[in-house]
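In: give me a model of this one.
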Amino acid sequence: MENVVLIIHLLLALGLIGVVLLQRSEGGGLGMGGGGVVSGRQAATALSKVTWALAIAFIATSMTLTIIAAQKSAGSSVLDRVAPAEETAPEPVVPTVPSGGDLLPPSTGETAPQVPRAD
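Out: Residues are numbered from 1 along each chain as shown. Sure, this is the predicted structure:
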C-alpha cells in the first residue's frame, strides 16, 4: 500500500512540475506587471485548474504517506532500531597484564631499519 501511494506521489510531483513549467509567464514577479496574481481576478485557464487539482492530490498523498509512516512506527523508537535494548548489563572488560609485567610486545630480536637523517 505504501509503495503504491509513493509511486502516485512521485507521478503527481512530476506532473505538477510539468504543468507549472507549461504555464505562461506573466512577467513582473508577484503580479507587478498588472493583471497578475495580486491584482484583480483573472480567468481560470485549463492549466491553472489542472495545477490546482495536482496540488491538492499531491498534498493528499503527502498526508497519506505521513499517516502510513506514523502507523508503522507506532510504539517504537529510533533507538530501538539502531541498538536493541539489552536486558542485562554487559560485564566490564578488564585489561590483563602479562605475567612478566612487561606491557611491550615480545621482541623478535630484529632491529628496526636505519633511516638516514636529513641535515
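In: can you pull out the strands in the chain?
Out: Taking DSSP state E, the chain contains no strands at all.
In: now for it: which helix has the highest residue count?
Out: What stands out as the longest helix in the chain, according to DSSP state H, is helix 46-72.
In: avg pLDDT for that one?
Out: Confidence for helix 46-72, expressed as mean pLDDT, is 93.
In: please name every helix or strand in contact with that helix.
Out: Contacts defined by 3 or more Cβ pairs under 8 Å, 6 or more residues apart in numbering; DSSP states H and E place helix 46-72 against helix 2-22. C-beta coordinates here come from the backbone N, C-alpha and C atoms, glycine included.
In: check which helices and strands the helix it packs on is in contact with.
Out: Secondary-structure packing of helix 2-22 (3+ Cβ pairs under 8 Å, 6+ apart): helix 46-72.
In: quick one: contacts for the closest residue to Ala13 other than its chain neighbours?
Out: The shortest distance from Ala13 to any non-neighbouring residue, by Cβ to Cβ, 6 or more residues apart in numbering, is to Phe58 (6.4 Å). Applying Cβ atoms under 8 Å, 6 or more residues apart in numbering to Phe58 gives the contacts 9, 12-13, 16.
In: could you check how far Phe58 is from Lys49?
Out: According to Cβ to Cβ, to the nearest Å, Phe58 stands 15 Å off from Lys49.
In: could you do Leu11 as well?
Out: 18 Å.
In: cool, Glu26 as well?
Out: From Glu26 to Lys49 the distance is 17 Å (Cβ to Cβ).
In: perfect, that will be all.
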